[in-house]
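Participant: coords below, sequence missing:
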């Protein structure tokens, strides 16, 4: 039977291998693929950064990736207007 520290080590090793393979696939993309926004953790990607401030995220990515693949000019039209945060008492 496998012990808890061994299982934790296996899970951690597998997670690190997935992250390394993900980073390598982004550093050496195939020629047919569109540009990718760099991220470390697969499936999460930049969801947290995008969720915190989508306008700022799209603006910085527009500056980084100069391509006609992603129509950044049309995306903000589908985002809600900025709503000022209410103070919680």
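Facilitator: Perfect, thanks for sending it. Quick caveat, the model's predicted, so the values are computed rather than measured.
Participant: got the phi/psi numbers for residue 29?
Facilitator: For residue 29, the backbone dihedrals (degrees, to the nearest 10) come out as phi -70, psi 160.
Participant: measure it to residue 36 for me?
Facilitator: Distance, residue 29 to residue 36, using Cβ to Cβ, to the nearest Å: 7 Å. Every C-beta, even on glycine, is put in place using the N, C-alpha and C of the backbone.
Participant: And residue 49, by the same measure?
Facilitator: Distance, residue 49 to residue 36, by Cβ to Cβ: 15 Å.
Participant: Pull the residues that contact the helix or strand where residue 51 lies.
Facilitator: Assigned by DSSP states H and E, residue 51 belongs to helix 47-52. With Cβ atoms under 8 Å, 6 or more residues apart in numbering as the test, helix 47-52 has contacts from residue 57.
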